[in-house]
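Trainee: Here is a sequence together with a model predicted from it:
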Amino acid sequence: MAVDLNHTIVPSRDKQASAEFLAGILGLKAGPQWGPFVPVETANGVTLDYMDSTEFRPIHYCFIVSEPEFDEIFGRIKERGLRYFADPGHRKEGEINHLYGGRGVYFDDPDGHNMEVITAPYA
């Protein structure tokens with residue numbers, strides 16, 4: 001039996017703004033609101049369903065992309081003046097990593113969720 005992730009709920013203070021932020025960085029579109037959610041769908045059909053919430057802990061989300069997509073995404077991160085890091089602990093500011101023969105970068109979304117973009121899967 002194959003098991004695939006279908007969706008995950010992303011708590012946020014402003015679901016529309018947060019969904020549009022991530023979609024804009026990744027070069028995707030925030031979908032129309034569906035029930036209490038604003039979805040952002042990735043290429044493999046998984047949706048991040050943003051939902052308004054007043055209390056939550058920041059969560060980590062990682063996206064794997066091609067090398068050209070990384071260049072585009074990283075360009076948008078820099079264009080927006082976002083702080084970015086080479087590590088999940090945010091100690092190596094202004095750097096990217098080169099783990100597993102690829103490239104990776106971390107940045108926070110408006111709600112403090114730790115977003116990661118990589119070009120090579122971790123071993």
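Mentor: Structure's in. What do you need? Numbering: from 1, shown residues only.
Trainee: nearest residue to D52 other than its sequence neighbours?
Mentor: K15 (4.9 Å; C-beta to C-beta, 6 or more residues apart in numbering). Every C-beta, even on glycine, is put in place using the N, C-alpha and C of the backbone.
Trainee: Just give me the neighbour total for that neighbour.
Mentor: Per other C-beta atoms under 10 Å, the neighbour tally for K15 reads 22.
Trainee: Need phi/psi at it.
Mentor: Here is the backbone geometry of K15 (degrees, to the nearest 10): phi -60, psi -40.
Trainee: Pull the contacting residues for S53.
Mentor: Residues in contact with S53 (C-beta atoms under 8 Å, 6 or more residues apart in numbering) are 11-13.
Trainee: again, only using 6 Å
Mentor: Residues near S53 by C-beta atoms under 6 Å, 6 or more residues apart in numbering: P11.
Trainee: and what of D109?
Mentor: 18, 21-22, 115.
Trainee: if I look at the nearest residue to A120 once chain neighbours are set aside, how far off is V117?
Mentor: Take A120 and drop its neighbours on the chain: the residue closest to it by C-beta to C-beta, 6+ apart is G102, 2.7 Å away. From G102 across to V117, the span is 10 Å (C-beta to C-beta, to the nearest Å).
Trainee: Likewise for D4?
Mentor: Distance from D4 to V117, by C-beta to C-beta: 21 Å.
Trainee: So if I had to pick from those two, which one is more boxed in?
Mentor: Neighbour tally, D4 and V117, criterion other C-beta under 10 Å: the higher count belongs to V117, 23 against 7.
Trainee: In the sheet, which residues pair with the more buried one? Tell me.
Mentor: Beta bridges link V117 to F63, V105, judged by DSSP bridges.
Trainee: which residues sit in contact with it?
Mentor: 63, 65, 73, 105.
Trainee: Same question for K92.
Mentor: Here K92 is in contact with 85-86 (C-beta under 6 Å, 6+ apart).
Trainee: Pick the one among the contacts of V117 closest to D87.
Mentor: Nearest to D87, judged by C-beta to C-beta, of the contacts of V117 is V105 at 9.9 Å.
Trainee: right, and the closest one touches Y84 too?
Mentor: Yes: when contacts are counted by C-beta atoms under 6 Å, V105 is listed as touching Y84 (5.1 Å).
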